[in-house]
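**Q** sequence first, then the predicted structure, then my questions.
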Amino acid sequence: MVDEQEAATGAQPAPRMQVNAPVFYISAVLIVAFAAFGALFPDRAGDMFNSVQNFIVRDFGWFYIASVAGFLIFALYLMLSRYGDIKLGPDDSEPEYSYLSWFAMLFSAGMGIGLIFFGVAEPVQHYALPPVGEGKTVESARQAMVLTFFHWGLHAWAIYIVVGLALAYFSFRRGLPLTIRSALFPLIGRHIYGPVGHAIDIFAVLGTMFGVATSLGLGVLQVNAGFSHLFGIPTNSSVQLGREPINGGG
């Protein structure tokens with residue numbers, strides 16, 4: 001019946017979603033393994049993750065700051081140069097959404113619950129426990145706002161811009177898959193279709209999954225605390241697990 005209707009109207013059937021088996025299954029196994037390790041051995045997992053985080057912050061903090069500054073400079077260069085006029089699609093294509101809809105999607109899907117939580121929690125945390133100096137002072141308050149603007153201002157958006165442009169350019173103008181591996185096509189060429197490309201996508205999936213999980217988890221804690229203060233709803237794991245699908249769907 002559906003085929004007859006499509007033939008009569010000339011409509012094309014919707015493309016079926018294709019699953020990259022190596023990337024999907026390896027990513028799924030690694031995610032389940034990390035989640036199981038954290039659930040079964042929370043203390044050991046916490047110590048290990050804290051050690052890795054401290055090592056990265058201590059030895060590679062300079063690299064993160066320099067990289068973010070590089071993203072911002074590169075994004076400004078693209079905007080002001082002739083490359084800013086390149087369409088992310090065929091030359092005769094037109095925008096599918098208005099500016100208002102586009103900005104709404106950027107803030108809701110791009111930052112979402114992370115901005116709601118850290119927009120308040122981060123400056124308060126840096127004010128009370130600054131990375132340098134004494135807390136709860138005028139200087140720590142000024143430093144807290146500087147760090148918050150650094151994390152959630154132009155620098156953060158510059159990272160989104162560069163990565164988004166790379167994905168869109170190679171997908172919509174070059175016809176490559178809409179995956180992180182495609183952004184590295186100028187560097188590794190046809191190797192994006194082999195094990196090297198699979199490894200790149202697996203790292204991208206893991207980073208995205210754990211990043212989103214962190215934002216959703218912190219958002220659930222915040223919403224649960226707010227409901228507890230307003231309506232007396234208990235603050236416990238059962239309530240937080242019930243809120244998780246709602247936050248994820250939103």
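**A** Great, that's in hand. Keep in mind the model is a prediction, meaning the values are calculated, not measured. Numbering: from 1, shown residues only.

**Q** grab the most central residue of the protein for me.
**A** T208 (5.5 Å; CA atoms, centre = their mean).

**Q** name the element that one belongs to?
**A** helix 195-231 (DSSP states H and E).

**Q** buried ones in that helix?
**A** If you call a residue buried by 16 or more other CB atoms under 10 Å, then helix 195-231 has these buried ones: 197-198, 200-202, 204-205, 209, 215-216, 218-220, 222-224. To be clear about C-beta, it is placed using only N, CA and C from the backbone, and glycine gets the same treatment.

**Q** before we move on, what about stretch 126-142?
**A** For stretch 126-142, the buried set under the neighbour-count rule, 16+ other CB under 10 Å, comprises H126, Y127, P130, S140, A141.

**Q** ok, so of the residues you listed, who is nearest L106?
**A** Of all the buried residues of stretch 126-142, L106 sits closest to H126, with 25.2 Å by CB to CB.

**Q** correct me, but S182 touches R173?
**A** No: judged on CB atoms under 8 Å, S182 makes no contact with R173 at a distance of 10.9 Å.

**Q** and these two? which has more neighbours close in?
**A** Higher neighbour count among S182 and R173: S182, with 20 against 15, using other CB atoms under 10 Å.

**Q** packing partners for the helix holding T208?
**A** Packing contacts for helix 195-231, counted by 3 or more CB pairs under 8 Å, 6 or more residues apart in numbering; DSSP states H and E, involve helix 21-40, helix 113-128, helix 180-183, helix 237-249.

**Q** OK, contacts around the nearest residue to I159 once chain neighbours are set aside?
**A** Distances taken as CB to CB, 6 or more residues apart in numbering put F71 closest to I159, at 5.0 Å, once the chain neighbours are dropped. Contacts for F71 (CB atoms under 8 Å, 6 or more residues apart in numbering) come out as H155, A158, I159, I161, V162.

**Q** weed out the non-buried ones from these.
**A** Neighbour-count burial (16+ other CB under 10 Å) applied to the contacts of F71 gives H155, A158, I161, V162.

**Q** could you dump those into CSV with distance to V29, secondary structure and pLDDT added?
**A** Shown next, in CSV, are the buried ones among the contacts of F71 (distance: CB to CB, whole Å; DSSP: H, G, I helix; E, B strand; the rest coil; pLDDT from 0 to 100):
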residue, distance to V29, secondary structure, pLDDT
H155, 34, helix, 89
A158, 34, helix, 92
I161, 33, helix, 90
V162, 30, helix, 93
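
**Q** let me know the angle separating the strand or helix carrying R58 from helix 21-40.
**A** Secondary-structure element containing R58, defined by DSSP H and E: helix 42-80. Here helix 42-80 runs at an angle of 130 degrees relative to helix 21-40 (axes from the mean of the first three to the mean of the last three CA atoms, to 10 degrees).

**Q** following helix 42-80, which helix or strand comes up?
**A** Using DSSP H and E, the helix or strand that directly follows helix 42-80 along the chain is helix 99-105.

**Q** can you give me how far that next one is from the chain middle?
**A** Chain-centre distance of helix 99-105: 18 Å, with CA atoms, centre = their mean, to the nearest Å.

**Q** cool, stretch 216-225 as well?
**A** 18 Å.

**Q** what do you get for stretch 209-222?
**A** Stretch 209-222 sits 11 Å away from the centroid of its parent chain (CA atoms, centre = their mean).

**Q** one more: stretch 129-136?
**A** Per CA atoms, centre = their mean, the centroid offset for stretch 129-136 relative to its chain is 28 Å.
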